[in-house]
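Predicted structure and sequence below. I'll ask about it afterward.
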Amino acid sequence: MVGDGAGGSGGSRRDARQLPQLSLFAQGWYGYPGLNMFENMLNGDWSLNAVVGIRLAWNISAFYTQHNDLDRLRNTQRQLQVQRDVVAFNEGLRRSEQSSEMARLRKALRDDDRIVVLRRSVREAAESKHRNGVIGTTELLRAITEESAAQSARLLHRIELLKKQYE
């Protein structure tokens, strides 16, 4: 990673790819021909041979790609920030939708309460009329059924509201 370890980009610490690499090596063998091939071939001597060295390698192409790497890192950080913003926006939108749905269900419950009260008064009036012989049993059953349907709708809206509150 490029950076100073504190989340910033910049130059207080160098990229490891920009540093030179220093290494030591050693190799030894006993055999024919040795390092002096021509003399050993003429004499046929076996000899102890060794090679020791220091190798310095410095890949300077990292200096050329550093700007692109930093741009790529910044773009990745921007993409992550955009993704965070999208998630936050979607969460806010979801919460807004839920709160508006809950407000709609609360209003429906208030309306259902009024409808149930009205249906109850209609049923009570129908029972009174039925006792006095003004209406028949069919009209009375229709009033009772409409009151039951209004109560069922109220209970359904109550369950939906509880479900939304739980979510």
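Nice, thanks for sending it over.

just the helices in this protein please.
Along the chain, counting by DSSP state H, helices occupy 37-43, 61-131, 137-166.

any chance of those in JSON lines, with mean pLDDT too?
Putting the helices of the chain into JSON lines (pLDDT from 0 to 100) gives the following:
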{"stretch": "helix 37-43", "mean pLDDT": "70"}
{"stretch": "helix 61-131", "mean pLDDT": "92"}
{"stretch": "helix 137-166", "mean pLDDT": "92"}
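
quick one: which of these is nearest Gly53?
Among the helices of the chain, the nearest to Gly53 by CB to CB is helix 37-43 (19.2 Å). C-beta here means a position set from N, CA and C on the backbone, and glycine is covered the same way.

picking that back up, which among the helices of the chain is found nearest to Ala50?
Shortest distance between Ala50 and the helices of the chain, using CB to CB, is found for helix 37-43: 14.8 Å.

So Ala126 sits against Ala143, correct?
Yes. With contact taken as CB atoms under 8 Å, Ala126 and Ala143 are classed as touching, separated by 3.9 Å.

Ok, which of the helices of the chain comes nearest Arg55?
helix 61-131 (18.0 Å).

Look up which residues are beta-bridged to Val51.
For Val51, the beta-bridge partners are Gln27 (DSSP bridges).

quick one: contacts for the nearest residue to Asp113 once chain neighbours are set aside?
Spatial nearest neighbour of Asp113, excluding adjacent residues (CB to CB, 6 or more residues apart in numbering): Arg154 at 6.8 Å. Arg154 is in contact with Leu109, Asp112, Asp113, Ile115, Val116, counting by CB atoms under 8 Å, 6 or more residues apart in numbering.

and of these, the nearest to Lys164?
The shortest distance between Lys164 and any of these, using CB to CB, involves Leu109 and amounts to 11.8 Å.
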